[in-house]
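Asks: fold the following and give me the result.
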Amino acid sequence: MLLAKALVLLPATVLGLRAFGFIRAQKILGGTAPFAKAGACGVDNTLLVARTARMVGVAARYGFWRANCLQQSLTLWRLLRQQGVTCELRIGVRRESARLKAHAWVEYRGVPVNDTHDVRERFAAFGHDFVPIS
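Replies: Now for the predicted structure:
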């Protein structure tokens, strides 16, 4: 069921980002994904988070859209919120030659779930105030 949700939500996220831009798309996705199950403080959802990240990755690789990191991360963030998991959508940048590279990922309890653990070393993440909904 999680894979089916990811396969539907990923193209919707791609289209939402193109039509509305990042901030409005995130507000729409966040607004339609209230915490469905009140996640109790202190509950460890690590397995649920890992499974959800894996399904979004499968949907991105084998679904209708080959999604970039922002599209995948926004989809993952929304699905986790829908399951009652508090997580953070992160966006970071780094300079590569004369160009600026951007990257997005999701963190659960400060740990990246859809990227490697060294992502914060490779990209300087914007602060909490950059992403309007967390």
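Asks: list the contacts of the residue sitting nearest the centre point of the chain.
Replies: Most central in the chain under C-alpha atoms, centre = their mean is Ser73, positioned 2.4 Å from the mean C-alpha point. With contacts defined as C-beta atoms under 8 Å, 6 or more residues apart in numbering, Ser73 is in contact with 89-90, 104-106, 114. Every C-beta, even on glycine, is put in place using the N, C-alpha and C of the backbone.
Asks: which elements pack onto the helix or strand bottoming out on mean pLDDT in the chain?
Replies: Ranked by mean pLDDT, DSSP states H and E, the weakest helix or strand in the chain is helix 22-31, scoring a mean of 81. Counting contacts by 3 or more C-beta pairs under 8 Å, 6 or more residues apart in numbering; DSSP states H and E, helix 22-31 packs against helix 2-20, helix 69-82.
Asks: rerun at 6 Å
Replies: Using 3 or more C-beta pairs under 6 Å, 6 or more residues apart in numbering; DSSP states H and E as the contact test, no helix or strand touches helix 22-31.
Asks: for stretch 13-29, C-alpha coordinates in CSV please.
Replies: Extracted in CSV, the C-alpha atoms of stretch 13-29 (Å, rounded to 0.1, in the frame of the first residue of the first chain):
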residue,chain,number,x,y,z
THR,A,13,4.4,16.3,-6.2
VAL,A,14,6.4,16.8,-9.4
LEU,A,15,3.4,18.6,-11.0
GLY,A,16,2.7,20.6,-7.9
LEU,A,17,6.3,21.9,-7.8
ARG,A,18,6.1,22.9,-11.4
ALA,A,19,2.7,24.6,-11.1
PHE,A,20,3.0,26.3,-7.8
GLY,A,21,6.7,26.4,-6.8
PHE,A,22,8.3,25.0,-3.7
ILE,A,23,6.7,27.0,-0.9
ARG,A,24,3.1,26.7,-2.1
ALA,A,25,3.6,23.0,-3.0
GLN,A,26,5.0,22.2,0.4
LYS,A,27,2.1,24.1,2.1
ILE,A,28,-0.4,22.2,0.0
LEU,A,29,1.2,18.9,0.7
